[in-house]
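*Asks:* I would like to see how this sequence folds:
(one chain, ligands or ions: 2)
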Amino acid sequence: MIVDIEDLSVQFPYAEPYPEQLQYMKSLKHALDASGHAVIEMPSGTGKTVSILSLASAYMRRWPLAYRRLVYCTRTVEEMEKVLKEAKLLLEKFQTSARSGPELLCVGLASRGHLCVFDEVLQSPLGVDSACRAHTASWVRERAYHGSRGLHKNDVPNGLCPFFERFSSDASQNFILPAGAAYSLSDLREFGMRSGLCPYFLARQTVPFAHIVVYSYQYLLDPRVSRVVSSDFATDTIVVFDEAHNIDNVCTEAFSVELNERLLQQAGRNLNVLSARFHDMKLRGAERLRQEYERLVRGVSLAEQAQQHADMQIAALALSDSPRGAAELPTSGSSATDDMSDLVACPEIHSIGAFLKLLRQLLSFLCGIVESNLTTEESALRFTTILCDRLQMERRVLRAASDRLISLLWTLEISDIASFISLQRLSDLCTLLGTHTSGFIVINDAEERLFHLACLDASLAMRPVLNKFKSVVITSGTLSPLWFYPRLLSFRAAVAESFPMSLDRACLCPVVVTRGSDQSHLSSQYSTRNDISIARNYGELIIRVAEVVPDGIVCFFPSYEFMQEIVMRWTESGVLDRLREHKLVFVETQDAGEAGMAINHFRLACDSGRGAVLLSVARGRAAEGIDFEGHYGRCALLFGVPFQYSESRLLRARISYLRQRYQIREDEFLSSMR
Ligand SMILES: Nc1ncnc2c1ncn2[C@@H]1O[C@H](COP(=O)(O)OP(=O)(O)OP(=O)(O)O)[C@@H](O)[C@H]1O
Ligand code: SF4
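*Replies:* Ligands and ions are numbered 1, 2, ... in the order given. Down below sits the predicted model:
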């Protein structure tokens, strides 16, 4: 149907918008009219996604030159697929509607792990990113073609990816997905299989031409990924961060580095591999070494190099697609050219030998701290001063370390990027220390045997986005109080609104259980977690529920630790065995692949009529972006409220920083982070 929002005709793909959706669209329009940022809160399940897509599409179609693109950022791939499904519905409506207007193109972008269609790579023990690189890197292709002279022009030499070769052929080089449709990840894979073109590179090639781009937060928040994927987006792009109650975590994690003894040892092994490769290439008089040095001396930036050598961009993205995602790739948050000029202006590390020596010195310094078994806490500025003194280096050299590593890995023809994650963390640590003078803390936690460089200020990651784009929309079901996020992220909101859910449709009534079957108090608070009656009573509760509720039951614990503790006790006390008499039990773990598998098998068990229980964690994979509709979610159980562990050193440092810097009180922060 067509809805009129203050004289703007909005195509809406459902029979009728809910009253709160009308209010939401009106608010969003006010923000766009004012070219300003917005904070809009509306409960989960009230249809924020379709409201945003409909209003923004109407705006883009009405004023195609003023607002040319919507970038919709989600936290997980499941959320991304949900958005793409709604976009598809909407774009189909445009196709059947009589009204004219420019055809829109919507595309989702995710890592190669989600888009690759080449079996050999998908089954490789190296992992998709590294295996893809091993099949597509320029040096690999050069050698493969060199070694297979006489091959028919359409044949692909052994060891290369046929989907990439076809994508790189003259005929497909500028191919863009046709407009008038929304391409979900599965559509892209299907298209790739049909056309023989790599879906991942096709999606990336289409992004600059798409009106609606759906991808994860990191593609905008991580400067290194963003400069490859999102740098062409104009300032009039409408940017949406959905489920934005996660934004603080994502921003601070993206700019933090955590190291332990195992990672430091691995970094040492990484350095040995690079040194050996370097000496080997030197002995062979490899031209690449000389070329890299010359490029750096001549001042050719990494950005320019990446334009000439597509697989250098791959290097940057491959690193970001690693399990920790964007957290692997912190840089200054400045523009690409700024970052690159850092490297060009650091002759101290132009030579590979000198750079490897710097990394070795840094490694030995960090090993000394971690092995000292002393808990220490100091400002990043003081730590950097000591480090520079020890390494006899200036801060600007530290700052260039991440880019120097990318260039080095490419020069030394390293395909298996994923196994260099530890070294990358080391170079990221340098870059962060060399870039920021405030908003960070360095903690060596002897008890946890962890060394942290922790970002205390989420606004550092958000600033480039908020400064560049005129309209950034922060939205979620829980953002109150509405002043909180603008203050935390340092921006002024032109619109800040909260809309409640209208109750004229079927709603559920939650029940709060405060006592167990033995009448003792039920709580997940830290001080009583060791009390065995808590696990026993939660166990009795879930068994009673499973006895009477058919199909699927989804349970949420406040944290993985608490869930593991309870599950262990349930195993020892036989609760799990009793529960399994009624339903199959699946547990979500922190590993994304395992969690996805648990959720899929939970669904299968529900489909087969056996019924199942899914044990998961608030803010985990199952908690956001997945609809447990119909028989998948006949009942939801929340075991306690997910409060943060307020005694952790990091959190104490964060609270103190936010109080001083933004006048945010501890209780305000903790209750907003629930
Ligand atoms: N006006 C409507 N009429 C009927 N169904 C609707 C309407 N608006 C949205 N829906 C459907 O309701 C469901 C919930 O919407 P959606 O998940 O987008 O809500 P949300 O506010 O984005 O929730 P969350 O915060 O959980 O992401 C979706 O399946 C969507 O297709
Ligand atoms: S180029 Fe594409 S299809 Fe080929 S291995 Fe890489 S991601 Fe997979």
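*Asks:* most centrally placed residue in this protein?
*Replies:* Q218 (4.6 Å; C-alpha atoms, centre = their mean).
*Asks:* how far away is that residue from ligand 1?
*Replies:* Per C-beta to the nearest ligand atom, to the nearest Å, Q218 is found 19 Å from ligand 1. Every residue, glycine included, has its C-beta placed from N, CA and C.
*Asks:* for M462, same thing?
*Replies:* Taken as C-beta to the nearest ligand atom, the span from M462 to ligand 1 is 20 Å.
*Asks:* test my guess that that residue contacts L221.
*Replies:* Yes: with contact defined as C-beta atoms under 8 Å, M462 reaches L221; the gap is 7.1 Å.
*Asks:* residue contacts, H631?
*Replies:* H631 makes contacts with P550, D551, G552, C606, D607, as judged by C-beta atoms under 8 Å, 6 or more residues apart in numbering.
*Asks:* cool, A454 as well?
*Replies:* By C-beta under 8 Å, 6+ apart, the neighbours of A454 are T252, S256, F440, I441, V442, I443, L650, A653, R654.
*Asks:* now for those: which two are most distant?
*Replies:* Pairwise distances across these (C-beta to C-beta) peak at 14.5 Å, for the pair T252 and V442.
*Asks:* any residues in contact with both of M462 and L221?
*Replies:* C251.
*Asks:* thinking again about what came up before, let me know the closest of the contacts of A454 to ligand 1.
*Replies:* T252 (22.1 Å; C-beta to the nearest ligand atom).
*Asks:* can you pull the residues of the stretch 151-300 of the chain lying near ligand 2?
*Replies:* Within the stretch 151-300 of the chain, the positions near ligand 2 by C-beta under 6 Å from any ligand atom are C161, F163, F164, C198, Y200, F201.
*Asks:* now, of these, which are buried?
*Replies:* Neighbour counting by 16 or more other C-beta atoms under 10 Å classes C161, F163, F164, C198, Y200, F201 among these as buried.
*Asks:* in helices only, show me those.
*Replies:* Residues of those located in helices (DSSP state H): F163, F164, Y200, F201.
*Asks:* nearest to R390, of the residues you listed?
*Replies:* Taking C-beta to C-beta as the measure, Y200 is the one of those closest to R390, at 42.0 Å.
*Asks:* the closest one against L115, yeah?
*Replies:* Yes: assessed by C-beta under 8 Å, Y200 is found in contact with L115 at 4.0 Å.
*Asks:* state the pLDDT value of the spatially closest residue to A181 that is not a sequence neighbour.
*Replies:* Nearest residue to A181 in three dimensions, chain neighbours excluded: L91, at 5.9 Å (C-beta to C-beta, 6 or more residues apart in numbering). Looking at L91, its pLDDT reads 92.
*Asks:* what's the answer for the one 5 residues further on, then?
*Replies:* In this prediction, T96 carries a pLDDT score of 79.
*Asks:* one step back: format the buried ones among the residues of the stretch 151-300 of the chain next to ligand 2 as TSV; extra columns: distance to R133 and pLDDT.
*Replies:* Formatted as TSV, these follow (distance: C-beta to C-beta, whole Å; pLDDT from 0 to 100):
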residue	distance to R133	pLDDT
C161	10	95
F163	14	95
F164	10	93
C198	13	95
Y200	12	94
F201	13	92
